[in-house]
Every structure is written in C-alpha cells, then in structure tokens.
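A.B. asks: Provided below for reference: sequence and predicted model.
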Amino acid sequence: MLHLIQRCTIARPLSQERLGVSLRFDYMGASEFEENAAARSLIAMYLQQDALQKARYADILDEQERSLRLYGLFAGNGPDEYRKALLDHIRGKRPCREPSYFPQKVLRADGMMLQAPGGIRAGLRCGEEIDCWWDLHSHVIFTFDKNFAGRLPQLVQASWQYMKLDKIAP
C-alpha cells in the first residue's frame, strides 16, 4: 500500500474518454511503472469490480480547501486503513518508491495545518501540475478535483471497454 504511486495530471478540459486520454502520466523513473502497471491495476479493478468503492476524506484538504476524493479497491484494507496510510505518507512516515508530491499538495490533514496558506505552490518546484495520483498496488485513484473524481467510475469502465476486458469474466 502506497509504495507505487503514479503521479498524474488531469487533462483539461475534462474528458469523457478512458483514463489514458483523461490523465497525463508523469515520468516516474523506475521500471516498475513502465511494466504495464496501470493496465494491471485496471485489470485487477475489473476482476473485482463489485468491490470498487468511492471515498472522501473531509479531513485531508488542499490549499483550496477541497477534500480528497478516492475511487478504487483499497487492496482489501478498506478506506479507513487507507486513510491512515495516507496520513502516514503525508507526515513522511511512509515513503513511496518515487516521490509522489502528494504531501506537498496537502494544506491540512487530520485537523493539523501543515503549511501556510499560499505557501504550497511556492515550495513545490517539481510536480507543480500534479493533481491526481494512482496507487498501482492498492488500485486506488485519488484527487482533490471533485468533478474529475465524479467521472472516475465511467472513465474506468471506458478503459475496460478500450482494453476489451469484457472477453474475460469478472
């Protein structure tokens, strides 16, 4: 959990197409990201689609006071355990394979102010445009963008159709 986080930028204007069109994947620099990890994650979601869940963490906020929204499998741990892991990651206690730049985007978490308002962007040189993350092991996609998060179930389904996963039984 939270080991292989793919950094992404949401394509604007928002797309109704599959994830491959709706997200621009940041170069991660580790081979684990290049070995069809996103496709494998989508296949895992397809095979366990009845277990897909939406979650919203009202206590993890970005500088615009938007709460974190998630969609995925949560790797059998559930949204509550995943929230705890994310809080550990924000606090620097749970590093990822490559930097996620997620903690730098968080203004407030678990009731604690982490950065001065307006100071987040100033301190973030790399990954400025990153606004979505995909946990490729836990099969969870998360963002502060409410409109994009609302489209995730349809985007995941469109990706399955594009991959022709209907040829294998869920």
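C.D. replies: Right, received. Where do you want to start?
A.B. asks: give the buried residues for the lengthiest strand in the chain.
C.D. replies: When the chain is scanned for its longest strand (criterion: DSSP state E), the result is strand 53-62. Neighbour-count burial for strand 53-62, counted by 16 or more other Cβ atoms under 10 Å, picks out Ala55, Tyr57, Ile60, Leu61, Asp62. Where C-beta positions appear, they are placed from N, C-alpha and C, glycine not excepted.
A.B. asks: just checking: what are the partner strands of it?
C.D. replies: In the sheet, strand 53-62 lines up against strand 67-72 (antiparallel), strand 106-109 (antiparallel) (DSSP bridges).
A.B. asks: residue contacts, Cys96?
C.D. replies: Leu2, His3, Leu4, Ile5, His89 (Cβ atoms under 8 Å, 6 or more residues apart in numbering).
A.B. asks: pLDDT on stretch 151-161, on average?
C.D. replies: Across stretch 151-161, the average pLDDT comes to 96.
A.B. asks: check which residues of it are buried.
C.D. replies: For stretch 151-161, by 16+ other Cβ under 10 Å, it's Arg151, Leu152, Leu155, Val156, Ala158, Ser159, Trp160.
A.B. asks: and the strands paired with strand 53-62, which one averages the lowest pLDDT?
C.D. replies: In terms of average pLDDT, strand 106-109 trails the rest of those, at a mean of 89.
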